[in-house]
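>>> Just to be clear, the model below is a prediction. Sequence and coordinates:
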Amino acid sequence: MKRTENEETFGGVLNRLLKTYGLEDGYHAAAVITHWEKLMGTAVAKRTKEVKLNKGTLTIYLESASLRQELSFSKEKIAEKINAEMDMNLVQRVEFR
């Protein structure tokens, strides 16, 4: 079906709605949490207590100090993976706690 100039995609309408009501950050944070296991794998997801995204900083709370140490070498790769999955530049910084 061909779109006329008055028509807009659902994604476009959703993004505009989220922006208008100031819900973009919460929506994107929820999307990152939803995709966490897919992106990082089951082993990492099982040892993750919590994932938070706030103003471009992804904070990951882990149960294992050794896993925290291992993942700390991959901060940039984790940010790139998430940004690629979300198709936007959401994560500028990654922190582990």
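Good, I have the coordinates.

>>> The spatially most central residue of the chain in helix, strand or coil?
What sits nearest the mean C-alpha location of the chain, by Cα atoms, centre = their mean, is residue 32, with 2.8 Å. Here residue 32 is recorded as helix under DSSP: H, G, I helix; E, B strand; the rest coil.

>>> Just give the nearest non-adjacent residue to it, would you?
Nearest residue to residue 32, sequence neighbours excluded (Cβ to Cβ, 6 or more residues apart in numbering): residue 53, at 5.1 Å. Placement of C-beta: from N, CA and C, glycine included.

>>> element containing the one you found, please.
Assigning secondary structure by DSSP states H and E places residue 53 in strand 48-54.

>>> got it, and residue 16?
Short version: residue 16 belongs to helix 10-20, going by DSSP H and E.

>>> ok so, going back, run me through the strand neighbours of the helix or strand just after the strand holding residue 53, direction for each.
For strand 48-54, the following helix or strand on the C-terminal side (DSSP H and E) is strand 57-62. Next to strand 57-62 in the sheet, as set by DSSP bridges, lie strand 48-54 (antiparallel), strand 93-96 (parallel).

>>> ok so, going back, buried sites along the strand holding residue 53?
Buried residues in strand 48-54, counting neighbours by 16 or more other Cβ atoms under 10 Å, are found at 48, 51, 53.

>>> So which of those residues is the closest to residue 64?
Distance to residue 64, by Cβ to Cβ, is smallest for residue 48 among those, at 9.5 Å.

>>> per-residue confidence for the closest one?
Here, the pLDDT recorded for residue 48 equals 95.

>>> for it, what are its contacts?
36, 40, 60, 61, 62, 63 (Cβ atoms under 8 Å, 6 or more residues apart in numbering).

>>> Write down the beta-bridge partners of it, one by one.
For residue 48, the beta-bridge partners under DSSP bridges are residue 62.

>>> how far away is it from residue 71?
From residue 48 over to residue 71 the distance is 10 Å, taken as Cβ to Cβ, to the nearest Å.
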